[in-house]
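> Any chance you can model this:
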Amino acid sequence: MQNHNFITTHAVLHIKNMVSHSCVKVVREELQRTGFIQVVNVQLGEAEINYDAQVVNMEVINTILQRNGFELIQDNTTKLVEMIKKAVIEHVFYGANSSSLIRNSDYLSERLGHPYPYLSKLFSEATSSTLEKYIILIKIEKIKELITYDEHSLSEVAYMMGYSSVQYLSNQFKQITGLTVSEYKSQGSKDRKPLSGVL
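Have a look, this model is predicted:
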């Protein structure tokens, strides 16, 4: 931060479309690059900052974020929906095999401090999808990643992703992607979506 007289304002920003560790890196670097924003902490969907209120306002910060495909979230419903998405992605992609051990509904309720039926209803009303379908779509993207890396057997993938059997995983995979797991593995171009584009 540049060394001059400034009024420090503290804020926690809720940010849309932050869905990976590389997103965290981009947000941190872009905010710091201004010279007027001190980044305290950045994690999926959120950045804690101190900034010079005489030079930078939320409109400027939002412009910086939008240039990189992100966006500030203003209203509480949208914030909670983004927090739900973030929690699902963290659980499925970074949960270190915990997906098979913890029910999604229990995890989300505990993580977000609301009963699962409330979260599910809010998510359905605010998006074009049910929460259950969103969780399945994120799991399918993780399964695509695991299949592409080819480091685990399909039985291991099914266990890691919380499926009771390979058959159940295979059926759901075909239903969502239109391809069998074998067809997906053998096709040249891997049809993986950015997580921000799921839904």
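> low-scoring stretches of the protein, by residue?
Counting by pLDDT under 70, the chain shows low-confidence ranges at 1-7, 96-102, 188-190.
> The longest strand seen in the chain packs against which elements?
Using DSSP state E, we find that the single longest strand of the chain is strand 8-16. If you count contacts as 3 or more Cβ pairs under 8 Å, 6 or more residues apart in numbering; DSSP states H and E, strand 8-16 packs onto strand 46-52, helix 58-67, strand 71-72, helix 76-94. Quick note: C-beta positions are derived from backbone N, CA and C, even for glycine.
> would you turn the ones you listed into CSV with distance to residue 118 and mean neighbour count?
Shown next, in CSV, are these (distance: least, Cβ to Cβ, whole Å; neighbours: other Cβ atoms under 10 Å):
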stretch, distance to residue 118, mean neighbour count
strand 46-52, 21, 20
helix 58-67, 29, 15
strand 71-72, 25, 17
helix 76-94, 10, 19
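> what inclination does the longest strand of the chain have with respect to strand 46-52?
When axes from the mean of the first three to the mean of the last three Cα atoms, to 10 degrees is applied, the directions of strand 8-16 and strand 46-52 differ by 150 degrees.
> moving C-terminal of strand 8-16, what's the next helix or strand?
Using DSSP states H and E, the helix or strand that directly follows strand 8-16 along the chain is helix 21-33.
> Now tell me what touches that next one from outside.
Contacts to helix 21-33, defined as Cβ atoms under 8 Å, 6 or more residues apart in numbering, come from residues 15, 17-18, 37-39, 42-44, 47, 49, 61, 64-65, 67-68, 70.
> returning to what we had before: buried ones in the longest strand of the chain?
For strand 8-16, the buried set under the neighbour-count rule, 16 or more other Cβ atoms under 10 Å, comprises 13, 14, 15, 16.
> Tell me, how many residues neighbour residue 179?
Number of residues near residue 179 (other Cβ atoms under 10 Å) recorded here: 15.
> Check residue 159 too.
19.
> Which of the helices or strands spans it?
Assigning secondary structure by DSSP H and E places residue 159 in helix 154-160.
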